[in-house]
Structure formats: C-alpha cells, structure tokens
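Colleague: pasting the structure only:
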C-alpha cells in the first residue's frame, strides 16, 4: 500500500486520495478474514467443495430487452462497455512493455482517450486517479 499525497500550497496541506482510505479498509477486511480462517469459522459451510451457483442477475436490464441480451450473450457478443474495458486492460499491459518513450507517450494518449470514453459511457464523472499526469494540474487549478 502506498500513501501518496499532493501538496498544493506552502502550508504543506495535503490532498489524500480516496484510494488510500479504501486500501486501509481492504487491509482491515483482509485481516479479519484471515483471523476468521485461522479460527476455522469458514470450515463446514453449506456447499463447501461444490461449485458456486452462478445465477445470472438480469435485474439491471430492462424487462423488454432481457431476451435480446441473453441471445446476444449466448452468441458471444459483449456490450461495448465491456469490450472497451478489455481494450483498456490489454493496452495498459502493452504500454508497460514499451521501451520507446515517444511510442509509449502516443499509446498513453490513446489509453487516456479510451478511459475518458469509458467514463462517458458509464455516465460517471471522470476519475482523476486514472489520469495522474493531469490530476495535479486540475487539483491545483480548483484549489486556486
């Protein structure tokens, strides 16, 4: 876990990222799970050793489009958002292997565009953690 912060003024005030808090919560949860495993609280649970029943939850899909969704899914088609997420994941891995700085910079811009497009598809605000090269500039502009 890394604790990073960005100082934006002479008083060394610090903007702590939300993910630091989430990392702490994840660590606490993981510790509690490990302790429960040591005490044997997960032994002899119903269904132990059996595959999980992966019932498909279609509650988020409007009733009039559920059948079409199932047909497309069974035919191997995936929603555009999921396809874009796969492209982003593979592009991120590819960027990490590039040695040429100019090519890496170009691919990073393409990746930034895809991340922005994904945020827009989800109708969510842009997460600046995904764009670290712009985050400091935006935060300092907002603060004054």
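Modeller: Cool, got the structure. Source: prediction; values computed, not measured. Numbers count the residues shown, from 1 in each chain.

Colleague: buried stuff in the helix or strand containing residue 95?
Modeller: For residue 95, the host element (DSSP states H and E) is helix 80-97. The neighbour-count check on helix 80-97 (16 or more other Cβ atoms under 10 Å) flags 84, 85, 88, 91, 95 as buried. Heads up, the C-betas are built off the backbone N, CA and C, glycines and all.

Colleague: Which one of those residues is nearest to residue 121?
Modeller: residue 84 (7.0 Å; Cβ to Cβ).

Colleague: Correct me if wrong: that closest one contacts residue 115.
Modeller: No: judged on Cβ atoms under 8 Å, residue 84 makes no contact with residue 115 at a distance of 9.2 Å.

Colleague: circling back to that earlier point, would TSV of the buried residues of helix 80-97 with pLDDT and distance to residue 104 be doable?
Modeller: Below are the buried residues of helix 80-97 laid out as TSV (pLDDT from 0 to 100; distance: Cβ to Cβ, whole Å):
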residue	pLDDT	distance to residue 104
84	88	21
85	87	21
88	89	16
91	91	11
95	88	6
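
Colleague: Residue 114 contacts residue 87, correct?
Modeller: Yes: with contact defined as Cβ under 8 Å, residue 114 and residue 87 form a contacting pair (6.2 Å).

Colleague: Next, the closest residue to residue 69 other than its chain neighbours: secondary structure please.
Modeller: Nearest residue to residue 69, sequence neighbours excluded (Cβ to Cβ, 6 or more residues apart in numbering): residue 61, at 5.3 Å. Assigned with DSSP: H, G, I helix; E, B strand; the rest coil, residue 61 falls in the coil class.
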